[in-house]
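# Any chance you could fold what I've pasted below:
(one chain, ligands or ions: 1)
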Amino acid sequence: MAEYIPTPVKWVRDQVEKYEASGGKEGTTLMDTGLPCIIVTHVGNKTGAVRKTPLMQVRDGSGYVLIGSQGGAPKDPVWVHNLRANPEVEIRDHARVFKMRAREVFDEQERARVWALGVAAYPPYEDYAKKTSRKIPVFIAEPV
Ligand code: F42
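Below is the predicted model:
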C-alpha cells in the first residue's frame with residue numbers, strides 16, 4: 001500500500017483524522033453546519049501517494065456526487081486531477097467504506113440533475129459557482 005500523505009490544510013487534515021479514528025462517529029459534518037460529509041480516499045496522480053479528501057455527502061442512489069467547488073476558488077482542487085488519473089476510489093460515509101469508481105460528468109442533462117442534488121445537500125455550491133468563471137468539475141462515484 002502506498003504511503004498516506006495528509007493534506008497541508010490543517011482543519012481538513014484534522015477532520016480526516018477525527019472521522020477515521022472514530023470509525024465515522026465524529027468529525028462527520030462540515031464544521032458547525034451539521035451537514036454530513038464523506039471522506040474520499042484516492043491516489044495522487046504525481047506522487048502515487050494515498051490522499052484523503054472530505055467532501056459534502058451528496059447521495060445519488062447507491063452512488064455519490066463529488067463536486068470540485070473548493071469554495072469557488074479560481075482553480076480546481078487538485079484531487080480532481082487525481083480522480084481523472086485514478087478513478088478507483090474508496091468512499092467512507094460514516095461507519096461504512098465503499099470501493100467505488102469516479103467518472104466525470106460531461107453530459108449537460110446529467111450534470112444538471114446531479115448539480116441539483118448537490119445544491120439541495122449543500123446550498124452554498126450555488127454561490128461558489130457564481131464566484132468563479134471556471135466550470136466546477138462534477139463526478140459521480142458508483143459502486144464497483
Ligand atoms: N472541497 C470541495 O471541493 N468540495 C466539497 O464539497 C468540500 C467539502 C468539504 C467538507 C469538509 C472539509 O473538511 C473539507 C471540504 N472540502 C471540499 C475541502 C476539500 O477537502 C479539499 O481540502 C479542497 O477541495 C482542496 O483539495 P486539494 O486536493 O486541492 O487539496 C490541496 C490543499 C492539497 O492537499 N494539496 C497537496 C499539497 O501538498 O499541496 C497535494 C495533494 C495532491 O493530491 N497531490 C497530488 C499527488 O500526486 O499526490 C498531485 C496533484 C496535482 O496534480 O498537482
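# alpha carbons only for contacts and neighbour counts from here, please
Fine.
# so what's residue 57 up against?
35, 36, 37, 38, 64, 65, 93, 121 (CA atoms under 8 Å, 6 or more residues apart in numbering).
# Identify the residue nearest it in space, chain neighbours excluded?
Nearest-residue entry for residue 57: residue 37, 4.5 Å, with adjacent residues in sequence omitted and distances by CA to CA, 6 or more residues apart in numbering.
# Pull up the gap between the one you found and the ligand, please.
6 Å (CA to the nearest ligand atom, to the nearest Å).
# In three-state terms, how would that residue be classified?
strand (DSSP: H, G, I helix; E, B strand; the rest coil).
# what's the answer for the one 10 residues further on, then?
Here residue 47 is coil, with the state taken from three-state DSSP.
# List just the nearest of the contacts of residue 57 to residue 115.
Nearest to residue 115 out of the contacts of residue 57 is residue 65 (CA to CA; 8.2 Å).
# measure the residue nearest to the closest one when sequence neighbours are not counted to the ligand for me?
Of all residues not flanking residue 65 in the chain, residue 140 sits nearest, at 4.6 Å (CA to CA, 6+ apart). For residue 140, the distance to the ligand equals 13 Å [CA to the nearest ligand atom].
# Tell me how many other residues surround residue 140.
Here the count is done by other CA atoms under 10 Å, and residue 140 has 22 residues near it.
# Angles on the backbone of the residue nearest the centre of the chain, please.
Geometric centre of the chain, nearest residue: residue 55, 3.6 Å, by CA atoms, centre = their mean. Dihedral angles of residue 55 (phi, psi; degrees, to the nearest 10) stand at phi -140, psi 160.
# Check it and give its pLDDT.
You'll see residue 55 listed with a pLDDT of 98.
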